[in-house]
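*Asks:* Sequence below, structure please.
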Amino acid sequence: MSTYPILTIGFLTPYSGIYPFFSQHLITGWLLGMGLDPARQRTIRFIPEFTNMGGIKASEEAARKLLFFNRVDILSGLISYKSVPDLIPLIEKEKRPAFFFDMGEYVPHFSYLSPDVFYASHQLWQSQYALGHWAQSTWGNGGHMIMPVYEAGYHLNSTFQQGVAAAGGGSLQLTVLPFDQQDPHKMELDNIFAGWKKERPAYVHAIFCGSMGLRFLQQWVQSGLHKEVPLLVHEAMVYDNILEDLKQVDLELYTSRSWIKEDESRANQVFVKQFEKLAQQPANIYALMGYEAGLVWKELLPHAQKKDWDKVKQQLRTEVIQGPRGEKNFYPLSGFALPSSNILKITTNGNNIRKIILDQGKGMRFDAKEFKVIHDESVSGWQNPFLCI
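*Replies:* I've put the predicted structure just below:
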């Protein structure tokens, strides 16, 4: 039996109406990655702190409580990069590590990179870049993007556009649906679809999330454009829970993802089987992010239990783990390991869901000069992490 005290991890927890159980899945994955039984282990104690929608003020207040009142050993949780500058002074005052998760809705941009802060990013922007590059290489100029105001407030459309440009593409049409305060989920598409029937874009790229994504796909099938114009979608529109609702529909679309549950590599199948057996839930992206974190913290645990934070942080700056989707590291200055994005064709019909890998997209370093234009010109007021609505 260990003589070390329990390691406490403060977990900033925003609300997500789209994935309400993300924190439970993430924490379960984290413990499994460490080789601990989530139901019986007495090594780690997570202390969640609610951050509303994950805005800057709520995140700072929650972090202050966890660090100075709860005296947690490690600060973690799901955040937006917008919150990090306000959290860094609190973290550096305590000299303990912070290990944050993010979906990668923004291309990382650090005016100051703290040696105490580490990032487990899903890097959504990478798959968007890869999808844009592939779309241009496959169908050429003349694509059309569509999204609501919320999704347009992140870098998902900008990085897709940079991918198009890197493949030699020119202009890309963009439609942002107007926001109706009286009806936030209002989505009038008939006139847009009618315009596309005349315009015949080379492809349509849709970026929606939650129920609006499901409704868009349903209306797309009924529009007469289905299978006439290629439809590319952001990966959040084709997570397995959404495809389950569409498997009776005759659907054909394309997306880019850095991870699919069906990947037959041994490392991935170990993760999927462990999580699904324990949680009785399908393996998902949040569980995967937690599991990847667990793989590195399994190595760090002996130093963390001794409160040797200098050693913990030193290893986190250089450590690269081999996870279910390949290499993963957690400190930007060491160069985030570049994910390999799978370009997928997804079809649904007769209660079947088929995923075919068509190509492998290439990643780019977050500090590549091509992305400078995004930071200079795509200034957003959105503070909350993506999917936290």
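
*Asks:* can you tell me the average pLDDT over stretch 105-113?
*Replies:* Stretch 105-113 comes out with an average pLDDT of 85.

*Asks:* and the gap between the most centrally placed residue in the chain and G54?
*Replies:* The geometric centre of the chain, computed from its C-alpha atoms, lies nearest to M103 (CA atoms, centre = their mean), at 2.5 Å. Distance, M103 to G54, using CB to CB, to the nearest Å: 11 Å. Placement of C-beta: from N, CA and C, glycine included.

*Asks:* which residues do these two both contact?
*Replies:* L78, P385 (CB atoms under 8 Å, 6 or more residues apart in numbering).

*Asks:* How about the contacts made by I346?
*Replies:* With contact taken as CB under 8 Å, 6+ apart, I346 is in contact with V238, L243, L251, E252, L253, Y254, T255, I353, R354, K355, I356.

*Asks:* one more time with 7 Å
*Replies:* With contact set as CB atoms under 7 Å, 6 or more residues apart in numbering, I346 has these partners: V238, L253, T255, R354, K355.

*Asks:* Work out the gap between the host helix or strand of the last one and the centre of the chain.
*Replies:* Taking DSSP states H and E as the criterion, K355 maps to strand 352-361. Distance, stretch centre to chain centre, for strand 352-361: 19 Å (CA atoms, centre = their mean, to the nearest Å).

*Asks:* Tell me the helices and strands packed up against it.
*Replies:* Strand 352-361 makes packing contacts with helix 124-139, strand 341-349 when contacts are defined by 3 or more CB pairs under 7 Å, 6 or more residues apart in numbering; DSSP states H and E.

*Asks:* neighbours of Q219, just the number please.
*Replies:* Taking other CB atoms under 10 Å as the neighbour definition, Q219 ends up with a count of 16.

*Asks:* what about the residue nearest to it when sequence neighbours are not counted, distance to Q222?
*Replies:* Spatial nearest neighbour of Q219, excluding adjacent residues (CB to CB, 6 or more residues apart in numbering): L189 at 5.5 Å. Look at L189 and Q222: by CB to CB, they are 10 Å apart.

*Asks:* returning to that earlier point: what pLDDT does the residue nearest to Q219 get?
*Replies:* Note for L189: predicted pLDDT of 94.

*Asks:* Need phi/psi at it.
*Replies:* Here the main-chain torsion angles of L189 (degrees, to the nearest 10) amount to phi -110, psi -10.

*Asks:* Could you do D190 as well?
*Replies:* For D190, the backbone dihedrals (degrees, to the nearest 10) come out as phi -60, psi -50.

*Asks:* so how many other residues sit close to S211?
*Replies:* Other residues near S211 number 14, with proximity taken as other CB under 10 Å.

*Asks:* Tell me if I am right that G104 is in a helix.
*Replies:* No. Applying DSSP: H, G, I helix; E, B strand; the rest coil, one finds G104 to be coil, outside a helix.

*Asks:* Can you give me every residue that contacts it?
*Replies:* With contacts taken as CB under 7 Å, 6+ apart, G104 has the following neighbours: S121, H122, Q123, L124, W125, Q126.

*Asks:* Which residues does stretch 142-161 contact?
*Replies:* Contacts to stretch 142-161, defined as CB under 7 Å, 6+ apart, come from residues 105-107, 124-125, 128-129, 131-132, 135, 164, 172-177, 179, 192, 196, 201-209, 212, 234, 374, 378, 380-382, 386, 389.

*Asks:* What's the end-to-end length of it?
*Replies:* Looking at stretch 142-161, the gap from its leading to its trailing residue is 12 Å under the measure CA to CA, to the nearest Å.

*Asks:* And for stretch 235-247?
*Replies:* For stretch 235-247, the separation between the terminal residues is 16 Å (CA to CA).

*Asks:* ok now that stretch, how far from the chain's centre?
*Replies:* Average the C-alpha atoms of stretch 235-247, do the same for its chain, and the two points are 16 Å apart (CA atoms, centre = their mean).

*Asks:* pull the helix or strand with minimum mean pLDDT from this structure.
*Replies:* Confidence across the helices and strands of the chain bottoms out at helix 372-377, with a mean of 73, counting by mean pLDDT, DSSP states H and E.

*Asks:* Determine how far it lies from the middle of the whole chain.
*Replies:* Distance of helix 372-377 from the chain centroid (CA atoms, centre = their mean) equals 21 Å.

*Asks:* Tell me the helices and strands packed up against it.
*Replies:* Judged by 3+ CB pairs under 7 Å, 6+ apart, helix 372-377 is in contact with helix 156-166.

*Asks:* Kindly export the strand holding K355 (C-alpha atoms) in PDB.
*Replies:* Written as PDB, here are the backbone C-alpha positions of strand 352-361 (Å, rounded to 0.1, in the frame of the first residue of the first chain):
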ATOM      1  CA  ASN A 352     -25.600   0.800 -41.600                       C
ATOM      2  CA  ILE A 353     -22.800   3.300 -41.100                       C
ATOM      3  CA  ARG A 354     -19.700   3.000 -43.300                       C
ATOM      4  CA  LYS A 355     -16.500   4.900 -42.900                       C
ATOM      5  CA  ILE A 356     -13.800   4.700 -45.600                       C
ATOM      6  CA  ILE A 357     -10.400   6.300 -45.300                       C
ATOM      7  CA  LEU A 358      -9.700   8.100 -48.600                       C
ATOM      8  CA  ASP A 359      -6.500   9.900 -47.700                       C
ATOM      9  CA  GLN A 360      -4.200  11.100 -45.000                       C
ATOM     10  CA  GLY A 361      -4.000  14.800 -44.400                       C
END
